[in-house]
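**Student:** Here's a sequence, model it:
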Amino acid sequence: MTSTPPVTGRPTAAPATPARPRPRGQGWLVTLGLMAAAPALLATGLRVLQPGSERLAKLASFIPYGLVFWLPALILLALAAIRAWRRGASGRAALGALSLACAAGLAATVAWQAPAFIPDGRPATTDPVTVVSLNVAQAADPAATARALSGADVVVFAEAHRGWVDSLPERFRAEFRYLAPADGSGEEDDADTVVFSRHPIVSAEALPPSNFQQWSAVVRLPQLGPVRVVAVHPCNPYCRPGLWMQDAAQLRAWLAEHRGTMPMIVAGDFNAVDDHRTMQALYDDGFRSAADLVGAGFVRTWPANTRVPPMIGIDHVLVDDRLTASAFETFGVPGTDHLGVRAVIAGTTG
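**Tutor:** Numbers count the residues shown, from 1 in each chain. Below you'll find the predicted structure:
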């Protein structure tokens, strides 16, 4: 009987487990998620670092638009991470980490932006005062301007040369009999700030010289008593290098020196958005935006003379801690590239 020879050699290896295929469309989800995260990350960096250079300040003007991209970035990358974890696909840990980073960016965005949409709730303890600010760009229609400002108590104009001031209708000059400076502006072609009031102006003072001459007026308001109204228009980031920060620092120092004796309202074209370092410095000093106090949200005022709606908010009304705001709105006037801002202000104990 013939026996079967033993089998020799290496044992047969078990078949390898095939790698699980990547979910269909995963590459698109990741690519689009990273593309959305890029502007959000840039905007967050600008918001945290608050650069002082003019070039980066121009980019920082659009921080809110960049921050909103955290939401689509989070949705896309989180969806990609969930699909990767369910299938055990490679890269799932990295996608999970990216999703957490996007969630953190979105949380920071909400923390930064939400207060602008939530009313402060500080109680008004006096009758209200209406303060209006408008950059007339040396060319706003005088009659339309007068109509838009009817009913205001105090009016601040920026870029208002003497010729434009003289062109205002007689009915406006009759309603707002007091102004600072007393002659309406500087030289004929100077585009300075001007304060008009229907109530007596007790005193006026020119701020230190800058690209535009700025003025302060002490107005005796029946609702509040003496109030310092500062009409501002510091230089923009397109001025010569260094002047934007220099003007802002000079204005901040002047305001700090003149605070404490009476309530203060600072209104005009600040050439800065809320996220800029120059505005954040004023908020650190205790000033509050009338728009934020009423929860007006993302207010945009420039440019206002194109088919596209205004993109950024550089016109503001700020108040110190002795004042609050109960209403805020913007309005348009033909001939200028700015929207005007109107704030209803009162005294407070909050």
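**Student:** C-alpha from now on. contacts and neighbour counts both.
**Tutor:** OK.
**Student:** what ranges do the strands span in this structure?
**Tutor:** 129-135, 154-160, 178-180, 192-197, 201-206, 215-221, 225-232, 264-269, 288-289, 315-319, 323-331, 340-347 (DSSP state E).
**Student:** Now render the ones you listed as CSV, adding distance to Met279, mean pLDDT and mean neighbour count.
**Tutor:** Shown next, in CSV, are the strands of the chain (distance: least, Cα to Cα, whole Å; pLDDT from 0 to 100; neighbours: other Cα atoms under 10 Å):
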stretch, distance to Met279, mean pLDDT, mean neighbour count
strand 129-135, 17, 98, 25
strand 154-160, 18, 97, 26
strand 178-180, 25, 96, 23
strand 192-197, 19, 95, 28
strand 201-206, 21, 96, 17
strand 215-221, 19, 97, 22
strand 225-232, 13, 98, 23
strand 264-269, 12, 98, 26
strand 288-289, 10, 97, 24
strand 315-319, 10, 98, 27
strand 323-331, 18, 98, 22
strand 340-347, 17, 98, 24
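**Student:** would you list those strands in a markdown table and tack on distance to Trp28?
**Tutor:** Output for the strands of the chain, formatted as a markdown table (distance: least, Cα to Cα, whole Å):
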| stretch | distance to Trp28 |
| --- | --- |
| strand 129-135 | 46 |
| strand 154-160 | 50 |
| strand 178-180 | 61 |
| strand 192-197 | 53 |
| strand 201-206 | 59 |
| strand 215-221 | 56 |
| strand 225-232 | 49 |
| strand 264-269 | 44 |
| strand 288-289 | 42 |
| strand 315-319 | 41 |
| strand 323-331 | 42 |
| strand 340-347 | 44 |
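**Student:** and Ser289, bridged to which residues?
**Tutor:** For Ser289, the beta-bridge partners are Leu318 (DSSP bridges).
**Student:** So it sits against Ile314, correct?
**Tutor:** No. If you go by Cα atoms under 8 Å, Ser289 and Ile314 don't touch, sitting 11.6 Å apart.
**Student:** what residue ranges in the protein are flagged as low confidence?
**Tutor:** When residues are selected by pLDDT under 70, those of the chain lie in 1-22, 183-191, 350.
**Student:** And it, what are its domain boundaries?
**Tutor:** Structurally, the chain divides into domains by automatic domain parsing as follows: 26-116, 120-347.
**Student:** beta partners for the residue nearest to Ala206 when sequence neighbours are not counted?
**Tutor:** Nearest residue to Ala206, sequence neighbours excluded (Cα to Cα, 6 or more residues apart in numbering): Trp215, at 4.6 Å. Beta-bridge partners recorded for Trp215 (DSSP bridges): Ala206, Ala231.
**Student:** Trp215 and Phe157, how far apart?
**Tutor:** 10 Å (Cα to Cα, to the nearest Å).
**Student:** anything in contact with each of those two?
**Tutor:** Listed as contacting both Trp215 and Phe157 by Cα atoms under 8 Å, 6 or more residues apart in numbering are 193-195, 231.
**Student:** Name the nearest of these relative to Pro51.
**Tutor:** Set against Pro51, the nearest of the shared contacts of Trp215 and Phe157 by Cα to Cα is Ala231 (25.6 Å).
**Student:** Confirm for me that that closest one is in contact with Asp192.
**Tutor:** No. Contact criterion Cα under 8 Å: Ala231 and Asp192 do not qualify, at 9.4 Å.
**Student:** so what's in contact with these two at the same time?
**Tutor:** 158, 214.
**Student:** hmm, back to that, now distance to Gly45 too, for the shared contacts of Trp215 and Phe157, in CSV please.
**Tutor:** Converted to CSV, the shared contacts of Trp215 and Phe157 look like this (distance: Cα to Cα, whole Å):
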residue, distance to Gly45
Thr193, 34
Val194, 37
Val195, 38
Ala231, 32
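**Student:** which one of the residues you listed is nearest Leu106?
**Tutor:** Ala231 (36.2 Å).
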